[in-house]
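Novice: Need coordinates for the following:
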Amino acid sequence: MIFSTMVSNTTHGSRRALMSSRHCVRHFLLLSGVTSMMPTVTNAFTANTRNRHQPVASIHRRNVHLPKRNSIQLSSSSNEEQSTNSVTGPIYEMMGADNSTNNIPNIQLFTKEGCTLCDKVKDVLSEIRNDYPHSLYAVDITDDDKQVWFEKYKYDIPVLHMDDVFWAKHRLTKEEAIQGIEEAVGGEFEVRQGDPDAGRLEH
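Specialist: Numbering: from 1, shown residues only. Take a look at the predicted model:
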């Protein structure tokens, strides 16, 4: 009972309780005849009480390196610029048997970056270009100077023109490609029906 009372009083951090507890310890040890333990026990209670009232050591903050907001914005702007690169220009150009472009049909592919259907059309035309020579040019409808084409074809790419005349949209089979090129070479190509015009339909 004496030992329990001593512990309870010490935990309250009171100097008066500490002195009383130390006195109780000495008295208890004297009664028990264990005088050799007096310094050890009393010092332990003193140290315990001091530790309870001692302020917690300050914690040093780690050096955490966070990315600057400006660098993120710059990176985002850079990605936007890369994603809006124009694809306008020749995809390939062919020459005739006389090393000239005479009688070589020019096909325009209206497209934009990332158009997977457009890639399929390019593959079809590229596969037959040696047997049915023609030149293929990409027209990026998202270019600033292609606003007219964007308004017409924004929902329908890929769109194909044969020598500046509407030919096909959405897809192209190998048979359709061969037929169109042969007609163009023979001067028999005629404009197809179904030239899309999204801008006109929206107004």
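
Novice: Beyond the helix-or-strand element of the chain with minimal mean pLDDT, next helix or strand please.
Specialist: Ranked by mean pLDDT, DSSP states H and E, the weakest helix or strand in the chain is helix 69-83, scoring a mean of 44. As assigned by DSSP states H and E, the chain's next helix or strand after helix 69-83 is strand 89-92.

Novice: Listing partners with orientation, what would you give for that next one?
Specialist: strand 135-140 (antiparallel) (DSSP bridges).

Novice: Following the chain onward from the partner strand, which element is next?
Specialist: Using DSSP H and E, the helix or strand that follows strand 135-140 in sequence is helix 147-153.

Novice: and that next one, C-alpha only, in CSV?
Specialist: Presented in CSV, the C-alpha positions along helix 147-153 are these (Å, rounded to 0.1, in the frame of the first residue of the first chain):
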residue,chain,number,x,y,z
GLN,A,147,-10.8,26.9,-90.2
VAL,A,148,-13.0,26.4,-93.2
TRP,A,149,-12.0,22.7,-93.5
PHE,A,150,-12.4,22.3,-89.7
GLU,A,151,-16.0,23.5,-89.9
LYS,A,152,-16.8,21.1,-92.7
TYR,A,153,-15.0,18.0,-91.6
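
Novice: which parts of that helix are buried?
Specialist: The neighbour-count check on helix 147-153 (16 or more other Cβ atoms under 10 Å) flags 149-150, 152-153 as buried. The way it works is simple: take the backbone N, C-alpha and C, and place the C-beta from them, glycine included.

Novice: which residues are in contact with it?
Specialist: With contacts defined as Cβ atoms under 8 Å, 6 or more residues apart in numbering, helix 147-153 is touched by 110, 139, 141-142, 159, 169, 196-200.

Novice: now the chain, which segments are flagged as low pLDDT?
Specialist: Within the chain, the stretches with pLDDT under 70 are 1-84, 203.

Novice: 90 instead, please
Specialist: Along the chain, segments meeting pLDDT under 90 span 1-85, 95-103, 199-203.

Novice: For it, which segments are assigned as strands?
Specialist: Applying DSSP state E to the chain gives strands spanning 89-92, 106-111, 135-140, 159-162, 165-169.

Novice: circling back: closest to residue 163 among the buried residues of helix 147-153?
Specialist: residue 149 (16.4 Å; Cβ to Cβ).

Novice: before we move on, back to that, can you lay out the buried residues of helix 147-153 as CSV showing distance to residue 179?
Specialist: Output for the buried residues of helix 147-153, formatted as CSV (distance: Cβ to Cβ, whole Å):
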residue, distance to residue 179
149, 25
150, 29
152, 24
153, 22
